[in-house]
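>>> Sequence first, then the predicted structure:
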Amino acid sequence: MKTLLLQPTDVLFFRDGRPMGGASAGHGEAWPLPNVTDAALHAALRRSGLECHKHDQIRRDGKRGRENICPFGSLVTAGPFPVKQDNGVSTWFFPRPLDLQTDTLKPSLRPCSGDWNASSSLLAPLSCAIAHVDEARLSKDSAAKAWLSQAAFGRYLQGGHEELDDKEALDDRDFSNSEVNIGIAIDPDTQTTGQGEAEGKIYSAHYLRLREGWHLGLFAATSEKKGDSRTDLIPTLLDDGQHIIVGGQQRACTAALLTRTSFLSLPQGKRTFPIAADGKVRVKWVLLSPAVFPAITTDGATHTGGWLPSWVCQSDGAVQLRTESSPRGQRETREEWRARVQHKPMISARLVAALIPKPVVVTGWALGDEDLGDEGRSGAKSTHLAVPAGAVYYFEAESADDARSLASALNWHGSSDGSEIKNRRSTLLGEKGFGLGVCGTWQFHGEH
């Protein structure tokens with residue numbers, strides 16, 4: 001995947017799902033979700049006039065629907081994340097894991113051993129509650145900040161306990177400001193003010209302004225068919241200093257393509273884990289980007305989704321992922337590959353605890369496409385409640401091999417060296433960068 005840095009030419013507006021108008025201000029100053037920058041790149045590709053292979057739509061009954069309705073359907077993205085550029089050096093920042101409540105890299109929240117289902121209202125399939133390790137350290141002065149640098153995040157995953165440097169942890173106010181502006185409503189039919197639906201209407205809105213030297217960093221690639229080979233259109237798109245419209249109100253960013261290094265600028269998760277005294281191997285999974293787990297009904301059984309990953313059993317917390325298999329071969333059909341995967345054994349591990357903040361709302365508005373007829377109607381997109389980045393899931397594996405297999409299935413880089421994104425563990429919107437995560441180890445409260 002290519003690494004892109006977007007630099008706003010003005011304030012940015014990322015409207016959420018709340019009403020806007022009159023006394024209700026437009027809240028558009030929050031850091032954008034992955035689907036926002038994905039949509040911006042997709043729109044830029046469509047405006048570019050580049051040739052692409054249009055993908056057929058697969059209907060729910062498994063049959064092909066209308067042909068050639070999805071241009072640039074091979075686009076995959078990840079991000080955005082805040083990036084500081086100083087003298088040509090880029091420092092990436094990522095959402096703080098929720099178990100860090102103080103200004104050190106030592107988790108201040110840990111699961112408590114025992115079966116808490118019998119004596120509390122803890123939701124199934126969880127069996128362990130979460131408690132503070134050292135409440136004496138908790139104060140406003142030592143509260144953890146919202147973002148960790150890539151280097152600090154890596155030390156946290158490896159079990160680092162040192163204090164954070166001032167430049168390794170940031171809050172939103174350290175690299176951005178929120179600005180409030182008053183605007184005049186525009187009539188959608190005439191694109192003018194003071195008449196039609198917009199007559200006499202004004203509004204207020206909050207905008208995001210990045211400080212000097214800060215960018216939105218993301219990763220993107222396409223795999224468009226070109227004869228018997230495939231090509232990535234991102235470098236061509238950005239050949240001439242492309243300006244990309246990001247968010248609402250036609251706000252533009254300049255886009256720069258960074259020179260590719262051996263590894264993507266994302267924290268790498270652990271791959272090997274210590275065996276505990278009881279023989280279990282403990283693995284925690286930290287989300288770098290939000291994840292969407294919808295309710296699913298299969299063969300009469302319903303998985304509620306929401307905070308619980310779709311690949312975790314609703315009743316007992318068993319992980320329903322298989323050990324790693326080789327990628328699909330060039331001459332291997334999809335049915336053959338799926339049959340081969342089904343013969344792989346399940347990973348023997350279960351979810352025992354979780355730290356989940358309030359959900360974030362993922363929504364949007366489709367402008368429509370006249371070329372697609374009824375299938376391209378404009379209107380509100382489906383609204384999803386996503387598990388936010390920073391959420392932590394705690395697993396117990398039965399063996400070291402199972403722990404390694406679990407890490408290979410959950411780390412964004414799988415078992416590779418971190419040169420490409422292998423896993424997106426969000427049930428929906430994975431191609432837009434949802435569901436990226438990294439693995440670390442954990443201990444029960446009171447253990448050392």
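Noted; the coordinates are in hand.
>>> where along the stretch 51-200 of the chain do the helices fall?
For the stretch 51-200 of the chain, the helices defined by DSSP state H, counting those that start in this stretch occupy 150-157.
>>> and the nearest residue to residue 381 once chain neighbours are set aside, what does it touch?
Closest residue in space to residue 381, ignoring its immediate chain neighbours: residue 364 at 4.3 Å, by CB to CB, 6 or more residues apart in numbering. (Each C-beta comes from the backbone N, C-alpha and C, glycine too.) Residue 364 sits next to 35, 39, 380-381 when contact means CB atoms under 8 Å, 6 or more residues apart in numbering.
>>> From those, pick the one nearest residue 236.
residue 39 (19.6 Å; CB to CB).
>>> Tell me how many other residues surround that closest one.
Using other CB atoms under 10 Å, the number of residues around residue 39 comes to 19.
>>> bridging residues for residue 229?
Following DSSP bridges, residue 229 is listed with bridge partners residue 226.
>>> What is the neighbour count of it?
8.
>>> Could you check how far it is from residue 355?
45 Å (CB to CB, to the nearest Å).
>>> thought residue 178 was touching residue 206?
Yes - using CB atoms under 8 Å, residue 178 makes contact with residue 206 at a distance of 5.4 Å.
>>> the more surrounded of the two?
A direct count of neighbours by other CB under 10 Å for residue 178 and residue 206 places residue 206 higher, at 18 against 15.
>>> for the protein, which helix is longest?
Longest helix in the chain, counting residues (DSSP state H): helix 34-48.
>>> Against which helices or strands is that helix packed?
The contact analysis (3 or more CB pairs under 8 Å, 6 or more residues apart in numbering; DSSP states H and E) places helix 34-48 against strand 76-86, strand 214-221, helix 234-237, strand 243-245.
>>> Let me see the ranges of the strands in the stretch 101-250 of the chain.
Under the criterion DSSP state E, counting those that start in this stretch, the stretch 101-250 of the chain contains strands at 109-111, 130-132, 147-149, 169-170, 176-184, 202-210, 214-221, 224-226, 229-231, 243-245.
>>> Quick one: closest of these to residue 256.
Closest among the strands of the stretch 101-250 of the chain, using CB to CB: strand 214-221, at 8.1 Å.
>>> which residues touch the residue nearest the centre of the chain?
In the chain, the residue lying closest to the centroid (CA atoms, centre = their mean) is residue 289, at 2.5 Å. Contacts for residue 289 (CB under 8 Å, 6+ apart) come out as 34, 78-79, 389, 426, 433-436.
>>> just to revisit the earlier point, pull out the buried residues from the contacts of residue 364.
35, 39 (16 or more other CB atoms under 10 Å).
>>> quick check, nearest of the contacts of residue 364 to residue 152?
residue 35 (27.1 Å).
>>> If I look at residue 92, what pLDDT would I see?
What the model reports as pLDDT for residue 92 is 96.
>>> Residue 20 now?
68.
>>> returning to what we had before: select, out of the strands of the stretch 101-250 of the chain, the one closest to residue 323.
That would be, of the strands of the stretch 101-250 of the chain and by CB to CB, strand 109-111, which comes in at 25.3 Å.
>>> The closest one pairs with which strands?
strand 130-132 (antiparallel).
>>> any idea of the mean pLDDT in the strand it pairs with?
90.
>>> repeat for stretch 222-233
Mean predicted confidence for stretch 222-233 is 82.
>>> what's the farthest-apart pair in the contacts of residue 289?
Counting by CB to CB, the most remote pair of those is 79 and 426, 14.3 Å apart.
>>> Got the phi and psi for the residue nearest to residue 381?
Backbone torsions for residue 364, taken as degrees, to the nearest 10, come to phi 170, psi -180.
>>> who touches the residue lying closest to residue 315 once chain neighbours are set aside in this structure?
Spatial nearest neighbour of residue 315, chain neighbours left out: residue 125 (6.1 Å); criterion: CB to CB, 6+ apart. The contact partners of residue 125, by CB under 8 Å, 6+ apart, come to 308, 312-317, 350-351.
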